[in-house]
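**Q** task: produce atomic coordinates for the following.
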Amino acid sequence: MLSRYRRYFALLTFMLLATPLIVGVVRPDRPELILKEGRLLAQAPEAPLSLAALRAFPSQADAYLKDHFGLRQTMIHTHRDLSHPLLYGNEKVLVGRDGRMFYLGRDMVRQSAGLVLRDEKVADAADMLAEMRDALARRGASLLVAVAPSSSTIYQDDLPLWAQKGERKTEYDLLLADLAARGVKAVDLRPILEKARSDHNAYLMHDTHWTARSAVLAFNAIAEADGHPGWALDPDSSVGPPFERRGGDVARIMGVEDEVTEIAQELTLPSRGKSEDLEEGPMPDHVISSGRPGPTVMVIGDSFTASYFPPMLMQHVGRAVWLNHRECGFDWSSVDKFQPDEVWWAPTERFLVCDEGVRPLNFAGRSGDDRGPVWVRGAARD
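**A** Numbers count the residues shown, from 1 in each chain. Below is the predicted model of the structure:
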């Protein structure tokens, strides 16, 4: 007979072993969690009715049980936290599992985790976009909002537990809800990018930006949401062969730009039309004109779209205009100048709300006069 403390120990051991089995039956992990690992869920083994099936049965059963025991994802994350902790970082960069770098500026990681929730500023941004929608509608044009998610939003499981949102709402969630309440058309780009990472890197490892393939997938989702499914581009033929890419903007901030490399691809689309910079600078407003009939589409965005969306649009439209978002401080007079048929508001997630006191230059909003007060950073001037 076992002594009393050994009986308790045996009972505890049995409970620990039985818990995953019970949870696996009562509340198994969602099948889509396996897809995030870049593979398909193992199917139940076939009945061993033949010699070949009997030989394959053990490996099939083993694969099935590995994918279906309870608390699987919890155990994987716990193992990662214990055996692969964060490597290093500083006040501006967080380095996650497998060396993926996340920018900490503008509260990007905390925003993705729902730890920053500026309700009033999000509502103000939604109000401004509703006013832009109305002003464009008076011109016979349309507005579509498509915010590019941050890498920390898509690669949540590469972050420490404190930076994972869990069940918390984020500013991205709030903006979509506020826009829906105001009847402003918007598309959520998170699902398509979360799905994309199961097959390819959706974002660069040492950089804040998405990959060229993800830019194509995002473009296709936006075009479809705006009523142009025929504008979709083939991701495989739209990007070039893999090459070794050195450094990245986050690696530069870390001071290791010359020490890190990764495999990447570039956008390769036929050039269509003549490009003209509308100003000087590293990321200028620019327009591409083809000279052929077709709509004019204006993209108001940042570095996520500057070199990607105009050439993608030019495969289908007559003219593509790209304006620097400037934390909401772009010049509305460009709308007067180019008379777009459609406007895509497409900043990245960390620029989801406007900087304090910043609104589009030469935009009056509800007054109906689009040449109202001129807004500058921090204040308005007559």
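
**Q** residue 183: how many residues sit nearby?
**A** Neighbour count for residue 183, taken as other CB atoms under 10 Å: 8. Glycine gets a C-beta too; all of them are placed from N, C-alpha and C.

**Q** surely it is in a strand?
**A** No: Residue 183: not assigned to a strand; according to DSSP: H, G, I helix; E, B strand; the rest coil it is coil.

**Q** and it, backbone torsions?
**A** phi 70, psi 30 (degrees, to the nearest 10).

**Q** so how far is residue 133 from it?
**A** Per CB to CB, to the nearest Å, residue 183 is found 8 Å from residue 133.

**Q** name the residues contacting each of the two.
**A** Common neighbours of residue 183 and residue 133, using CB atoms under 8 Å, 6 or more residues apart in numbering, do not exist here.

**Q** let me know the secondary structure of residue 320.
**A** With three-state DSSP as the basis, residue 320 sits in strand.

**Q** so what's the residue count around it?
**A** Neighbour tally, residue 320, other CB under 10 Å: 29.

**Q** with residue 47 instead?
**A** Neighbourhood size, residue 47 [other CB under 10 Å]: 9.

**Q** and the pLDDT at it?
**A** pLDDT for residue 47: 76.

**Q** can you report how many residues lie near residue 191?
**A** Using other CB under 10 Å, residue 191 has 11 other residues around it.

**Q** so how far is residue 282 from it?
**A** To residue 282, residue 191 is 32 Å away according to CB to CB.

**Q** check residue 361 too.
**A** In terms of CB to CB, residue 361 sits 20 Å off from residue 282.

**Q** which one's more surrounded, those two?
**A** Using other CB under 10 Å as the criterion, residue 361 and residue 282 rank with residue 361 on top: 17 against 6.

**Q** distance check, the more buried one against residue 354.
**A** Counting by CB to CB, the gap from residue 361 to residue 354 is 13 Å.

**Q** then residue 165?
**A** Distance of residue 165 to residue 354, given as CB to CB: 23 Å.

**Q** before we move on, what about residue 300?
**A** 12 Å.

**Q** before we move on, what about residue 241?
**A** For residue 241 relative to residue 354 (CB to CB), the value is 40 Å.

**Q** okay, those two: which has more neighbours?
**A** residue 354 (20 against 7).

**Q** where does the more buried one land in three-state SS?
**A** Using three-state DSSP, the structure places residue 354 in coil.

**Q** that one: what's it in contact with?
**A** Shown in contact with residue 354 (CB under 8 Å, 6+ apart): 121, 124-125, 128, 327-328.

**Q** let's see that with 10 Å instead.
**A** Shown in contact with residue 354 (CB atoms under 10 Å, 6 or more residues apart in numbering): 121, 124-125, 128, 325-329, 347, 360, 375.

**Q** okay, now residue 94: neighbour count?
**A** So residue 94, with other CB under 10 Å, has 23 neighbours.

**Q** please spell out which residues along stretch 97-113 are buried.
**A** Going by neighbour count (16 or more other CB atoms under 10 Å), the buried part of stretch 97-113 is 97, 100-104, 106, 108-113.

**Q** no no, stretch 312-321
**A** Neighbour-count burial for stretch 312-321, counted by 16+ other CB under 10 Å, picks out 312-314, 316-321.

**Q** for residue 181, grab the count of nearby residues.
**A** So residue 181, with other CB under 10 Å, has 11 neighbours.

**Q** pLDDT at it, what is it?
**A** pLDDT recorded at residue 181 is 98.

**Q** so who does it touch?
**A** Residues counted as contacts of residue 181 (CB under 10 Å, 6+ apart) are 123, 126, 130.

**Q** mind listing the strands for this structure?
**A** All strands of the chain, identified by DSSP state E, fall at 93-95, 101-103, 142-145, 243-246, 261-264, 274-277, 286-289, 296-301, 319-324, 342-346, 374-376, 379-381.

**Q** closest one to residue 63 among those?
**A** Across the strands of the chain, residue 63 has its closest neighbour in strand 261-264 (28.5 Å, CB to CB).

**Q** contacts for that closest one next, please.
**A** Strand 261-264 is contacted from outside by 99-100, 201, 204-207, 211-213, 239-240, 242-248, 251, using CB under 10 Å, 6+ apart.

**Q** repeat the analysis, applying 8 Å as the threshold.
**A** Identification of contacts with strand 261-264 by CB under 8 Å, 6+ apart yields 201, 204-206, 211-212, 242-248.
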